[in-house]
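A.B. asks: sequence and predicted model, in that order:
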Amino acid sequence: MRAGKIAGVEIIVNNWFLGLIAVFAVAGLADKALLIVSAVLLHELAHMLMAGGLGYKVKQVELLPFGATARVERLTDAGAVSEIMIAAAGPLASLGLAALCYVAAGGAGSWQEEIYFYGETHLMLAGFNLLPALPLDGGRILRAVLTRRRDYRAATAIVVTMSHIISCLLIVLAGLIFLLDYTVNLTMLVAAGFLLLTARTENTLAGFRTMRILARKKAELIACGIMPTRHLTAIEDAAISEVIALFGPEQYYIVHIVDQNFKLCGALTETEVWEGLLKKGIRARIKEFL
């Protein structure tokens with residue numbers, strides 16, 4: 001559901017988020033529901049400020065049950081360091097706000113209970129978002145770290161698998177709580193369902209990222225006539241999978257191929273590598289592309 005715009009950023013309220021707020025309202029905790037909403041907005045504001053500081057434009061923010069997701073222009077094309085900085089900004093802000101609440105609660109008088117609750121909300125928001133599951137911040141950080149060693153799609157698949165495992169563990173934990181004291185933990189069940197459904201979407205989108213990045217690079221090169229380039233050198237028998245694993249989103253790549261005596265055999269542009277990959281396959285050797 002669209003809730004309007006703030007400073008040109010469209011605000012979307014996810015149905016799962018509405019359901020969680022409705023549960024709090026039915027339980028007579030509408031005031032606490034408002035505190036949760038403000039905590040989520042502050043968490044997301046930290047992401048937006050970091051993204052803006054790194055030169056990315058925030059187009060849309062979607063409020064989710066346990067955080068929010070910012071639709072940042074070209075964020076999927078960002079390098080690992082940028083993605084880690086943007087993803088980490090939210091949990092760090094929530095942890096900082098939680099600390100401030102606990103410090104302030106001591107002299108809050110009659111507001112002490114509310115401030116403690118607000119601090120706990122920030123703490124839980126940070127803790128949940130640091131779980132290594134997509135689309136949470138922890139999952140994005142882990143994926144960015146993994147892309148230093150593997151391609152984006154493989155890194156996404158690993159984190160999606162972890163997301164499914166965490167979802168199952170949350171369901172099992174909710175079941176144990178029910179068996180021990182006959183209490184249904186709706187929050188935990190909503191979290192499990194949310195992660196199961198949204199992780200699949202991340203896996204699907206990952207498959208389109210490589211071609212989108214290449215198209216952007218080609219468009220920038222045509223428009224500007226020049227762009228930052230990185231050169232790689234590969235032995236002619238190197239697997240093409242090992243070569244493309246080194247391709248990053250922020251530079252255009254030229255691959256120099258040498259033989260066993262380190263004599264230059266030829267060179268390939270990043271575009272030639274990707275186009276050749278469609279014909280030769282992921283198991284091919286780089287010399288087959290010449």
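C.D. replies: Perfect, I can see it now. Residues are numbered from 1 along each chain as shown.
A.B. asks: tell me where this protein has helices.
C.D. replies: Along the chain, counting by DSSP state H, helices occupy 15-26, 30-53, 80-105, 112-129, 137-146, 152-181, 186-224, 240-244, 270-280.
A.B. asks: looking at these, which is buried most?
C.D. replies: Here the criterion is mean neighbour count by mean count of other Cβ atoms under 10 Å, and of these the winner is helix 137-146, at a mean of 23. Using the backbone N, CA and C atoms, a C-beta is placed for each residue, glycine as well.
A.B. asks: need the contact partners of that one.
C.D. replies: 67, 80-81, 83-84, 87-88, 90-91, 129-134, 152, 154-156, 158-159, 162-163, 202 (Cβ atoms under 8 Å, 6 or more residues apart in numbering).
A.B. asks: please apply the same query to stretch 227-240.
C.D. replies: 217, 220-221, 242-243, 246, 248, 250-260, 265, 273, 276-277, 280, 282-289.
A.B. asks: and with 6 Å instead?
C.D. replies: Contact partners of stretch 227-240, identified using Cβ atoms under 6 Å, 6 or more residues apart in numbering, comprise 220-221, 243, 251-257, 259, 265, 284-287.
A.B. asks: quick check: buried residues in it?
C.D. replies: Buried residues in stretch 227-240, counted by 16 or more other Cβ atoms under 10 Å: 232, 234, 236, 238, 240.
A.B. asks: per-residue pLDDT, Ile141?
C.D. replies: Looking at Ile141, its pLDDT reads 91.
A.B. asks: could you measure from Leu221 over to Tyr253?
C.D. replies: Distance, Leu221 to Tyr253, by Cβ to Cβ, to the nearest Å: 12 Å.
A.B. asks: sorry, slip of the keys, the one I care about is Ala105.
C.D. replies: From Ala105 across to Tyr253, the span is 53 Å (Cβ to Cβ).
A.B. asks: most distant residue from the centre of this structure?
C.D. replies: Asn261 (43.2 Å; Cα atoms, centre = their mean).
A.B. asks: quote the end-to-end distance of stretch 223-241.
C.D. replies: Counting by Cα to Cα, to the nearest Å, you get 30 Å between the two ends of stretch 223-241.
A.B. asks: now do stretch 130-138
C.D. replies: Using Cα to Cα, the two ends of stretch 130-138 sit 4 Å apart.
A.B. asks: now stretch 144-158
C.D. replies: 12 Å.
A.B. asks: can you give me the offset of that stretch from its chain's centre?
C.D. replies: A distance of 12 Å separates the centroid of the chain from that of stretch 144-158, by Cα atoms, centre = their mean, to the nearest Å.
A.B. asks: one more: stretch 253-266?
C.D. replies: Centroid separation for stretch 253-266 versus its chain: 36 Å, with Cα atoms, centre = their mean.
A.B. asks: and it, what's buried?
C.D. replies: Buried residues in stretch 253-266, defined by neighbour count with 16+ other Cβ under 10 Å: 253-255, 257.
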